[in-house]
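Requesting a structural model of the entry that follows:
(2 chains)
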Amino acid sequence: MPKTSAGNGESVSCRVAVTAAGIVSPLGFGLSETLDSLREARDCITRVTRFSVAECRCKTAGQVPDDRLLEGRHRTNRTQRLHRASHMMIRALREGLAQRPGFEPELTVIGTTSGGMSYGEDYYRSLCRNGSLRHSPTWVANYTAQKPVIDAQEAFEISAPCQIIANACASGTNAIGHAYECVRSGRYERVLTGGYDALSELVFVGFDSLQASTAEKCRPFDRDRTGMALGEGAAVLALENLDVARESGTAILAEIIGYGISTDNFHMTQPNPSGIGPHQAMERALQSARISADKIDYINAHGTATPFNDAAEGKAVSELFDRVPISSTKGMMGHSLGAAGAIEAVICLLALKHQFVPPNINFRVPDHGVDLNIVANAARHMALGTVLSNSFGFGGTNASIVIQNFEA
Amino acid sequence: MSLAIAGMGWVTPLGNGVDPVWERLLQGCEAAEVKISEQFSDRSYSAFRVPESVLANLGPHPRLRRASVISRYAAAAGLAALQAAKVKLDPQSAERIALVFAISNGGVIYTKRFYRDIVEAGAQSASPLLFPETVFNAPASHLAAILGITGTTYTLVGDSAVGLLAIKMADDLMANEAFDYCLVVGAEEADWILCDAYRRWRLLRLAPPIEPFNKKQRGMILSEGAGAVLLARDGPVVIERTHPGMCYQRRSEAEQVLKRILCDLDQMEIDFVISSANGTFIDQAECQALRQAIPDAFVYTPKPAMGESVGAAGLWQVIVGTQALHSGELPPLLHGESTIPLRTSASRVPVAGAQWAIVLSCGVNQQVAGLLLRKVRDRR
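Numbering: from 1, shown residues only, chains lettered A, B, ... in the order given. Okay, the predicted model is just below:
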């Protein structure tokens, strides 16, 4: 494991606790609803209603209902101006802070891919079509990627500096991984991390144009998979120096013990078919955690259900692991891009706490030549101690984290 | 532990290369104004753009064939920073270098073109070639591929403070002994749509000049380009301290936030400050904070000469600060009134004995950051 310096030349390696988590996704609002959806293997992919998909091959996505986003909040002029992504972040952070009152991060590291993109779309459409630009200052000011994070912090009187990581679909896991390294190094005691993304027309049509999204069911790792369904949501995790958290009597949900990152320079949108990118990320995460592959009890796969991604990830997993249970939860909720890694990390926390592995729904036929132990179609009860979560993205970014049950 | 600046690369509207751009700043040059228009509007805007000739020496690379100019600027600056430090990457050393990329608006030219096709001709007209170039990390991905970096690559997004936040991230990464270097690159490209957006936000003026610290806050002029800083563990100028940054909720709070950052960084007698003043509301916030926190320091902002390059701006400021410590001279402040209540000068300022400088970035969208530069004394 690489040694780090806390600033005084001494090597430091602190343990990193997860002390709170919050989640909003198509699976539900909060940990409890999410747990129910996972256990019941709910397919939460529905027809897209936010914009016209008449000309797209794909018509569906995982969507967070607007009417629930503002539940429990006063509808002021200010809250009306905020982007949906801000409301998602606020809901996720509210849940997290309810578990860990008084959490004051020294740093916030959040992943996203498109910020408040739909406001940019509103602005551009109005410009082109001579529409009203009365709201354009609001659109412009709330379009930026850092704004939902600052809005969420402001809602709870947090003023930590924000690092917004945009490493495409790996952003959420990269954000958690970097936050983990910040605490592990001893430079920070408390870091807020996570990810968010809200569905937008530009991104939806973009994936459709690449024929990466499917016109039928999203079937990760299935032989006959035809592509992804997009999703949206937000998730946050409070990371703390484990020893400090324990001394102060803070409840510990789990421990992050490893992080691996790699860059695959093969192609802008396709992984190297050899699987070297995912292989290196997972291998580095295991090295960072100082554990061997046989200690991993479950893998939450990136598993987008595109032919190329699942083939590369499946190859890397089968090379490194011996039939460890693996599932992609994207078949249930869609691929929420910058939020995906954070949402899936929270799903891993639920899996560890409740000792089950979430299902890989819509699975029918195993893929040729890849020997994977897919948790097909139904959740599986089993003892879990250590799990690994993967995220891979455009530009060849790959990230893996290792999360472990905390034993006092 | 401090970080050293081992090499720098600079692509700006005033030219390409640290020495030529620096010389032009010292001479008091201002970038040439270019008018940008758009098919669906009669209004044109002024911006400071990078002349096409500037990238003539950038070699061909398959990754850059279809890439937007922002990726070309970033590649030119990143390669120059490595060359200046005489660092050649092979598969082994490429694993010991991290890449942190700072960006604000990203590949806006291709994003606009991609979405225009959707709006005008429907989703079936959307280009699968353009879409990948719209993602924020496309320039970083291209640069990583050109350099052969296979390990740590991050793209950070934010306002014009993002460059310094990227250096803070690099500082945290370099605490890991697995890295020998961290290449920090900031890049941006200018387009009509950005000018229009900032204008509607009441932050942009229609034509130069940028008048720094002017109480009338007439607005900024956008620019484009890239800045790259290769961070190592030894070198003649070091980043003594990076502030993690802060956020302000309302514009009226920016001054207090800036003051706190200045106080946190003000360890020694500060010789000069490279400010981010750009003709908007942030100028008065910086002016008041500087007056109260370090009234004796000289203050210079490069933005009247080169414009507001947002994602690249913080890196440009660090390069200016480093060059000023190296050369013992600050460029003349352009378009500053004589009544500015700070130590500014319309002519070149000798700072030969200067050892300490602060670089301060106040973004227009709530982010603030700063860092402390130190010139290492010649030990001979």
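
Could you tell me which residues make contact with A:L107?
A:160-161, A:163, A:179, A:182, A:188, A:191-192, B:244 (C-beta atoms under 8 Å, 6 or more residues apart in numbering or on different chains). Yep, even glycine has a C-beta here, placed from its N, CA and C like the rest.

can you pick the most crowded of these?
Each of the contacts of A:L107 was scored by neighbours using other C-beta atoms under 10 Å in any protein chain shown; the highest score is A:Q163's, at 32 neighbours.

Would you double-check that that residue falls in a helix?
No. Assessed with DSSP: H, G, I helix; E, B strand; the rest coil, A:Q163 is strand; it does not lie in a helix.

ok, for it, nearest residue in space, not its chain neighbours?
In space, and not counting its chain neighbours, A:Q163 is closest to A:V109: 4.7 Å by C-beta to C-beta, 6 or more residues apart in numbering or on different chains.

and the one residue in chain B that gets nearest to chain A, what helix or strand is that in?
Nearest residue of chain B to chain A (C-beta to the nearest C-beta) works out as B:S141 at 3.0 Å. Here B:S141 sits within helix B:138-147, counting by DSSP states H and E.

And for A:A316?
Assigned by DSSP H and E, A:A316 falls within helix A:307-320.

hmm, who's touching the helix or strand that that helix is followed by?
Proceeding C-terminally, helix A:307-320 gives way to strand A:325-327 as the next helix or strand, assigned by DSSP H and E. For strand A:325-327, the surrounding residues in contact (C-beta under 8 Å, 6+ apart) are A:220-221, A:297-301, A:303, A:317, A:357-360, A:372-375, A:380, A:382.

Now do the helices in chain B.
The residue ranges that make up the helices of chain B, judged by DSSP state H, are B:18-26, B:69-84, B:108-121, B:138-147, B:162-174, B:192-200, B:254-265, B:281-293, B:303-306, B:313-327.

could those be laid out in CSV, adding mean pLDDT, distance to A:H335 and mean neighbour count?
What follows is the helices of chain B, written out as CSV (pLDDT from 0 to 100; distance: least, C-beta to C-beta, whole Å; neighbours: other C-beta atoms under 10 Å in any protein chain shown):
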stretch, mean pLDDT, distance to A:H335, mean neighbour count
helix B:18-26, 98, 42, 19
helix B:69-84, 97, 25, 26
helix B:108-121, 96, 19, 20
helix B:138-147, 96, 19, 27
helix B:162-174, 97, 26, 28
helix B:192-200, 96, 28, 22
helix B:254-265, 96, 37, 20
helix B:281-293, 97, 38, 21
helix B:303-306, 98, 40, 27
helix B:313-327, 98, 32, 26
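
who's sitting farthest from the centroid in the chain?
You didn't say which chain, so I picked chain A. Taking C-alpha atoms, centre = their mean, the residue of chain A most remote from its mean C-alpha position is A:N130, at 37.7 Å.

um, chain B though
Residue distances from the centre of chain B (C-alpha atoms, centre = their mean) peak at B:Q124, which lies 37.4 Å from the mean C-alpha position.

Next up, the contacts around that one.
Taking C-beta under 8 Å, 6+ apart as the definition, contacts of B:Q124 comprise A:E55.

and it, how far is that from B:V320?
48 Å (C-beta to C-beta, to the nearest Å).

With B:C287 instead?
On the measure of C-beta to C-beta, B:C287 and B:V320 end up 18 Å apart.

can you give me phi and psi for A:V18?
The phi and psi torsions at A:V18 (degrees, to the nearest 10) take the values phi -100, psi 120.

where does it land on pLDDT?
A:V18 carries a pLDDT score of 98 in this model.

Surely it touches A:I252?
Yes. Taking C-beta atoms under 8 Å as the contact criterion, A:V18 and A:I252 are neighbours in contact, 7.2 Å apart.

Contact partners for B:F136?
Contact analysis of B:F136 by C-beta under 8 Å, 6+ apart lists A:113, A:145, A:166, A:168, B:103, B:106-107, B:155, B:157.

7 Å instead?
B:F136 makes contacts with A:113, A:166, B:103, B:106, B:155, B:157, as judged by C-beta atoms under 7 Å, 6 or more residues apart in numbering or on different chains.
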